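# Turn this into a model:
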Amino acid sequence: MRRIGVVGHRFICDDTVLRYTTSEITTILDGFCTLYPDLIALSAIAEGADTIFAEAALALGMPLEIIRPYHAYHSDFATVSARNRYSALCEASCKEIVLSHTCRSDEAYENAMNLVVTQSDLLVVVWDGCPATAICGTSHAVDNALRLNKSWIHLNVVDLTVTHHFVNEFIEMPC
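Numbers count the residues shown, from 1 in each chain. All right, here's what the predicted structure looks like:
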């Protein structure tokens, strides 16, 4: 089985960037699940890029595997709407990996992010290109992907461009 995972920004406040991110993620997932019918989506389903990705995958009929960084992860979702989206994604997932952390921490998020990177054959990165301010930031996931020689697609949320970084033979760009 092949997996396509996501890492990226939690807060996507600009409507233009939100539409861009949603559209590009849907296009990417649609293209790759057509090429690879056994493709599985992998996400830590945090608010923002992770949730957009997971919802798009499910809308396309893809199986979704999720990673929960710590036991009480549901408490991380501040609004009723966010908690409802989180619960719906949990219910729709075909597999959930729960990390051993008992409470919210940068380490819990870093471990979840690293697991998404290591378990993915292709990574979708929704990122502004800036260095992270914490160990669990998106730039660290990119560093890890590069170190592990992973293929990844960068959705740049600043200039709204897409850059492909394919490094293995599994990945072919869909037409």
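# so where's the longest helix in this structure?
Longest helix of the chain, by residue count under DSSP state H: helix 15-35.
# Give the other helices and strands that the helix or strand just after that helix contacts.
Downstream of helix 15-35, the next assigned helix or strand under DSSP states H and E is strand 40-43. The contact analysis (3 or more C-beta pairs under 8 Å, 6 or more residues apart in numbering; DSSP states H and E) places strand 40-43 against strand 3-8, helix 49-59, strand 64-70, helix 106-119. Using the backbone N, CA and C atoms, a C-beta is placed for each residue, glycine as well.
# what does strand 40-43 contact?
Strand 40-43 is touched from outside by 1-6, 29, 50-51, 53-54, 57-58, 62-67, 89, 94, 116, 119-120, with contacts defined as C-beta atoms under 8 Å, 6 or more residues apart in numbering.
# pLDDT on that strand, on average?
For strand 40-43, mean pLDDT is 98.
# Export only the CA atoms of that strand, formatted as PDB.
Taking C-alpha atoms only, strand 40-43 is exported to PDB below (Å, rounded to 0.1, in the frame of the first residue of the first chain):
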ATOM      1  CA  ILE A  40      -4.200   5.800   1.500                       C
ATOM      2  CA  ALA A  41      -4.400   9.300   2.900                       C
ATOM      3  CA  LEU A  42      -2.500   9.900   6.200                       C
ATOM      4  CA  SER A  43      -3.100  12.900   8.400                       C
END
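# ok now that strand, how far from the chain's centre?
Its chain's average C-alpha position is 7 Å from that of strand 40-43, according to C-alpha atoms, centre = their mean, to the nearest Å.
# and if you look at stretch 13-31?
Offset of stretch 13-31 from its chain centre (C-alpha atoms, centre = their mean): 12 Å.
# Now that stretch: buried residues?
17, 20-22, 24-26, 28-30 (16 or more other C-beta atoms under 10 Å).
# from those, which two are the most distant?
For these, the farthest-apart pair by C-beta to C-beta is V17 and D30; their separation is 20.2 Å.
# If any of the contacts of strand 40-43 are buried, put those into a PyMOL selection.
Buried members of the contacts of strand 40-43, defined by 16+ other C-beta under 10 Å, are picked up in PyMOL with:
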select buried, resi 2+3+4+5+6+29+50+51+53+54+57+58+62+63+64+65+66+67+89+116+120
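# Format the buried residues of stretch 13-31 as a markdown table; extra columns: distance to V157.
Shown next, in a markdown table, are these (distance: C-beta to C-beta, whole Å):
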| residue | distance to V157 |
| --- | --- |
| V17 | 5 |
| Y20 | 7 |
| T21 | 7 |
| T22 | 12 |
| E24 | 10 |
| I25 | 12 |
| T26 | 16 |
| I28 | 15 |
| L29 | 18 |
| D30 | 20 |
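# Looking at those residues, spot the one nearest D128.
Within the buried residues of stretch 13-31, the smallest distance to D128 is 9.5 Å, found for V17 (C-beta to C-beta).
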